[in-house]
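Enquirer: Prediction below, plus the sequence it came from.
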Amino acid sequence: MPRTTINIDAPMLKDLKRLQKRTGQSLGRLVSDLLAEAIGPYQTGQPEPPAFHWNSRPMIARVDLSDKEAVYAALEEGRKPSSATGRRL
């Protein structure tokens with residue numbers, strides 16, 4: 001098994017040693033098992049998240065743009081405060 005040196009914060013090392021005593025595993029085995037569990041979801045064999053799906057619809061005018069009064073009425077309607085929030089739309 002390859003060897004390496006890693007720096008572990010003192011509180012984390014204390015927790016690891018307590019867990020080592022409870023499980024009876026060597027510190028190296030314990031750290032290897034915990035790392036394997038933590039990095040498992042990042043390995044390439046895992047399913048990828050679903051692809052982004054873009055919903056689109058044809059844009060249609062909701063106001064007859066040739067009717068000047070209808071356009072002004074629609075603009076004024078957009079300036080009225082919303083009844084639910086009291087804010088302008």
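Expert: In hand now; what should we look at? Numbering: from 1, shown residues only.

Enquirer: pLDDT on stretch 57-66, on average?
Expert: For stretch 57-66, mean pLDDT rounds to 86.

Enquirer: can you give me how far that stretch is from the chain middle?
Expert: Computed by C-alpha atoms, centre = their mean, to the nearest Å, the chain-centroid distance of stretch 57-66 equals 36 Å.

Enquirer: what comes into contact with it?
Expert: Applying C-beta atoms under 8 Å, 6 or more residues apart in numbering, the contact partners of stretch 57-66 are Ala70, Val71, Ala73, Ala74. All C-beta spots, glycine's among them, are computed from the backbone N, C-alpha and C.

Enquirer: for that stretch, how far is the first residue from the last?
Expert: Counting by C-alpha to C-alpha, to the nearest Å, you get 23 Å between the two ends of stretch 57-66.

Enquirer: If you count neighbours, what's buried in that stretch?
Expert: By 16 or more other C-beta atoms under 10 Å, stretch 57-66 has no buried positions at all.

Enquirer: Just give me the least confident of the contacts of stretch 57-66.
Expert: Ala74 (88).

Enquirer: hang on, it in a helix?
Expert: Yes. Per DSSP: H, G, I helix; E, B strand; the rest coil, Ala74 lies within a helix segment.

Enquirer: so who does it touch?
Expert: Arg62, Val63.

Enquirer: so how far is Arg62 from it?
Expert: 7 Å (C-beta to C-beta, to the nearest Å).

Enquirer: Same question for Lys80.
Expert: When C-beta to C-beta is the yardstick, Lys80 and Arg62 sit 16 Å from each other.

Enquirer: what's the answer for Gly78, then?
Expert: Relative to Arg62, and taking C-beta to C-beta, Gly78 is found at 11 Å.

Enquirer: That concludes my questions; thank you for your assistance.
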